[in-house]
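A.B. asks: Structure, please.
(chains A, B, C and D)
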There are 2 protein chains.
Amino acid sequence: MSNIREVAELAGVSVATVSRTLQQPELVSPKTRVKVTEAIEQLNYKPNLMAVKFRSGKTHNIVVLVPTVANVFFARVIRGMQEAAAAEGYSLLLVNTMGDDATEQNYARMIHTSQADGVVQLRAFNPFNDNDVTDEGLLPMVNACEILDAPKCPTVSLDNRLAAAAMTEHLVELGHQHIAMIKGPAASPLTRDRMLGFKDALQAANLSYNEELMFAGDFTLQSGYEAAERLLKQNHPVTAVVCENDEMALGAISRFKAAGLRVPQDISVSGFDNIAFSHYSDPPLTTIAQPAEEFGETAINLLIEVLKGKAKRAVKVILPYQLIIRESTGPAPAHPVNLSEPS
Amino acid sequence: MSNIREVAELAGVSVATVSRTLQQPELVSPKTRVKVTEAIEQLNYKPNLMAVKFRSGKTHNIVVLVPTVANVFFARVIRGMQEAAAAEGYSLLLVNTMGDDATEQNYARMIHTSQADGVVQLRAFNPFNDNDVTDEGLLPMVNACEILDAPKCPTVSLDNRLAAAAMTEHLVELGHQHIAMIKGPAASPLTRDRMLGFKDALQAANLSYNEELMFAGDFTLQSGYEAAERLLKQNHPVTAVVCENDEMALGAISRFKAAGLRVPQDISVSGFDNIAFSHYSDPPLTTIAQPAEEFGETAINLLIEVLKGKAKRAVKVILPYQLIIRESTGPAPAHPVNLSEPS
DNA sequence: ATAAATAATGTTATCGGTTACATCATTCCT
DNA sequence: AGGAATGATGTAACCGATAACATTATTTAT
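C.D. replies: Model prediction:
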């Protein structure tokens, strides 16, 4: 592997001239520029970027803490990040953290060992100590999707409360009076916000909120399936279920069908995220579309601003949602079926 | 940010001793070891790993070329890779290449710019020049999932031909005589192998192979949907469709249902990959399970062997498949329905 | 023609570690 | 006691680039 010195020698110039030819060619005379370029060509010289990064102290690496890459929504967010990062010359170090605090703290430490410049965190957890802030009082981080309550960094989020309220309102308008919710883990602010929106809409419609109709899952298909199972056991006259993501909604639909229920004739089910599958499920899923790629793109661009010291405060970007009505929600049945199964 | 010199000064030793305390503590006397450790503690010293990587010439980074991170199967492979890499102290640089040759060549170049030690390629494309081989004549790469025909590196694959044959045989045993296939892009060896297996099974059953019953997609839900649409237009008395992955199978099922067909009573559909959704679809999908995590794990471990110079030849690892029979395949109908729709 | 200004190039310290080699101290053996 | 062997520590070159500063060449102004 050739280095800058060999190129300099072959071109008959100094290493500085070679470096300049690559970094600020306008400072180099056209003739020498040609000589250097030819030498580079001839030796097939590629600058050692590890040396560049070491010397400049900027790695142009960004650690992305993803709770689970297997989640289709996150996959879209990642895609958005990748494009924005590539455009600015940054590389992403994707980490599948499985939502583990210690793992995230470990990887965040890559900032301190100069392996990365910043972090994008897709979960409401701060992997840093509070004294890790930059000159502007910000952490070298952007928090997206599920955001912290009092972040020391920019955030990108949806107005989850409003979106969940809109979805619930849609069901209320269809005449549903007994609406259940399949939510995420209790600790998540995202879950909390969507619950609040759910309650808001119930209250606005003068419907009562019933704690027994709240079922917790963990955003996977299986947990949706199991939550639906618990719902069926409760034997409440539920006619609609608001799910906090599409995967759980699809899992729930699967369970309802297994119980012989028709969706939406017997029970309406809604999701959240608008993943590709929700379009092709039977029935196609009513859901909330989130601009996933834009989440990623915005997160990266905000982070780069922070890293360049251009961000002066922790801005909060809120992206728009869109209610997508498909066929998994329909009018409330005049005579609700008995949900309980013979077992 | 403190450096090794400050630590040395505070501890009253040389930089070499500090370095040794961290790298080979057994060479340092217990007393000085304590002094150094205390100084490190006091200064909250973290070695600059960029400097380490630069000096040692080993980055411990692995570039992973993923055609699309949004694919649920690849998400599982990635997870397997992540665990294996972490266990060996390697980081993954995941790249969403969208199957673009130039993009992959670009990222493979990170090997030359000393930003990464090796590449895991999940597609049948060689992003290197053939003169990039190591001393052993191997590329610093492992090719997994969809593999090259004449790779200059280890590969990890499934016996796609055998698996596709097994699936087809399953349908033949159910009495199907007119079986269509929704395949992937023609250029892919994976598609070719699965087609061969499909043909093998037809031949073994004395069934004729009909080119008109082969429909190409690109492994997405939508392409499965569209392929099914073309199939319906053909108006052949097809009673079963072998799909080359689950996403296309689910897309196809969606289209068949839209045409009023029942799966599997009117038409059987099979998939490939056993993604999570295939368990919760309606009907649950008959498919081939691949040990996705093991693909990733094996690929990383093989790559590390290559990087350490331990691999002497391009081994080919073939992982086992499993036929998973669910409800999307059933006995061939005695009187095949007319597939063509009134339009 | 000469000084001043500007452009082009060269020299070299430096980033933060690792490690080959040198040095010094201690222990062991005869 | 003298010398070898072993152990502990220090010195300094080095990895490959960048960039501050120095130097030399060229142009411009007077």
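A.B. asks: Around DNA strand D, which positions in chain A sit nearby?
C.D. replies: A:1, A:3-5, A:15-16, A:19, A:22-23, A:45-48, A:51-52, A:54-56 (C-beta under 7 Å from any atom of the strand). (Glycine included, C-beta is placed from N, CA and C.)
A.B. asks: And the strands in the stretch 151-300 of chain A?
C.D. replies: A:155-158, A:179-183, A:214-216, A:240-243, A:268-270, A:287-289 (DSSP state E, counting those that start in this stretch).
A.B. asks: Same list (those strands) but as JSON lines, adding distance to B:Ile267.
C.D. replies: Output for the strands of the stretch 151-300 of chain A, formatted as JSON lines (distance: least, C-beta to C-beta, whole Å):
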{"stretch": "strand A:155-158", "distance to B:Ile267": "40"}
{"stretch": "strand A:179-183", "distance to B:Ile267": "32"}
{"stretch": "strand A:214-216", "distance to B:Ile267": "36"}
{"stretch": "strand A:240-243", "distance to B:Ile267": "30"}
{"stretch": "strand A:268-270", "distance to B:Ile267": "26"}
{"stretch": "strand A:287-289", "distance to B:Ile267": "28"}
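A.B. asks: Any idea which of the ones you listed gets closest to DNA strand C?
C.D. replies: Counting by C-beta to the nearest atom of the strand, DNA strand C lies closest to strand A:155-158 out of those; the figure is 31.2 Å.
A.B. asks: Quick check, A:Ala116 in contact with A:Lys58.
C.D. replies: No. Look at A:Ala116 against A:Lys58 with C-beta atoms under 8 Å: they stay out of range, at 10.3 Å.
A.B. asks: Drop anything exposed from the residues of chain A next to DNA strand D.
C.D. replies: A:4, A:19, A:22, A:45-48, A:51-52, A:54 (16 or more other C-beta atoms under 10 Å in any protein chain shown).
A.B. asks: any idea which of the residues you listed is the one closest to DNA strand C?
C.D. replies: For those, the nearest to DNA strand C is A:Phe54 (5.7 Å; C-beta to the nearest atom of the strand).
A.B. asks: got the contact list for the closest one?
C.D. replies: A:114, B:48, B:50-51, B:53-54 (C-beta atoms under 8 Å, 6 or more residues apart in numbering or on different chains).
A.B. asks: Quick one, grab the pLDDT at A:Gln234.
C.D. replies: Looking at A:Gln234, its pLDDT reads 89.
A.B. asks: Neighbours of the nearest residue to it once chain neighbours are set aside, how many?
C.D. replies: Closest residue in space to A:Gln234, ignoring its immediate chain neighbours: A:Glu212 at 6.4 Å, by C-beta to C-beta, 6 or more residues apart in numbering or on different chains. A:Glu212: 9 surrounding residues under other C-beta atoms under 10 Å in any protein chain shown.
A.B. asks: re earlier: now go through the residues of chain A next to DNA strand D and say which are in strands.
C.D. replies: The strands, defined by DSSP state E, take in nothing from the residues of chain A next to DNA strand D.
A.B. asks: Which members of those are positioned in helices?
C.D. replies: Of the residues of chain A next to DNA strand D, the ones assigned to helices by DSSP state H are A:4-5, A:15-16, A:19, A:22-23, A:51-52, A:54-56.
A.B. asks: Please verify my assumption that A:Arg195 contacts A:Leu213.
C.D. replies: Quick fix: residue A:195 is Met, not Arg. No. Look at A:Met195 against A:Leu213 with C-beta under 8 Å: they stay out of range, at 11.5 Å.
A.B. asks: what do the two both touch?
C.D. replies: By C-beta under 8 Å, 6+ apart, the residues touching both A:Met195 and A:Leu213 are A:Met181.
A.B. asks: Output the buried ones among the residues of chain A next to DNA strand D as CSV; include the columns distance to A:Thr168 and pLDDT.
C.D. replies: As requested, these are exported to CSV (distance: C-beta to C-beta, whole Å; pLDDT from 0 to 100):
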residue, distance to A:Thr168, pLDDT
A:Ile4, 63, 94
A:Ser19, 61, 94
A:Leu22, 58, 92
A:Tyr45, 62, 94
A:Lys46, 57, 93
A:Pro47, 56, 93
A:Asn48, 57, 94
A:Ala51, 57, 94
A:Val52, 53, 91
A:Phe54, 54, 93
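A.B. asks: any idea what sits nearest A:Asn160, other than its immediate chain neighbours?
C.D. replies: Using C-beta to C-beta, 6+ apart, the closest residue to A:Asn160 is A:Asp193 (3.8 Å).
A.B. asks: who touches that neighbour in this structure?
C.D. replies: A:160-161, A:164.
A.B. asks: between those residues, which is nearest DNA strand C?
C.D. replies: A:Asn160 (42.4 Å).
A.B. asks: so what secondary structure elements neighbour the host helix or strand of A:Leu92?
C.D. replies: Assigned by DSSP states H and E, A:Leu92 falls within strand A:91-96. With contacts defined as 3 or more C-beta pairs under 8 Å, 6 or more residues apart in numbering or on different chains; DSSP states H and E, the packing partners of strand A:91-96 are strand A:61-66, helix A:72-87, helix A:101-108, helix B:72-87, strand B:91-96.
A.B. asks: and if we set it to 10 Å?
C.D. replies: strand A:61-66, helix A:72-87, helix A:101-108, strand A:118-121, strand B:61-66, helix B:72-87, strand B:91-96 (3 or more C-beta pairs under 10 Å, 6 or more residues apart in numbering or on different chains; DSSP states H and E).
A.B. asks: By mean pLDDT, point me to the weakest helix or strand of chain A.
C.D. replies: strand A:91-96 (a mean of 88; mean pLDDT, DSSP states H and E).
A.B. asks: In a markdown table: the contacts of A:Phe54, plus distance to A:Leu171.
C.D. replies: As requested, the contacts of A:Phe54 are exported to a markdown table (distance: C-beta to C-beta, whole Å):
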| residue | distance to A:Leu171 |
| --- | --- |
| A:Ser114 | 52 |
| B:Asn48 | 56 |
| B:Met50 | 53 |
| B:Ala51 | 58 |
| B:Lys53 | 55 |
| B:Phe54 | 59 |
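A.B. asks: In a markdown table: those residues, plus distance to DNA strand C.
C.D. replies: Below are those laid out as a markdown table (distance: C-beta to the nearest atom of the strand, whole Å):
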| residue | distance to DNA strand C |
| --- | --- |
| A:Ser114 | 7 |
| B:Asn48 | 4 |
| B:Met50 | 8 |
| B:Ala51 | 4 |
| B:Lys53 | 9 |
| B:Phe54 | 5 |
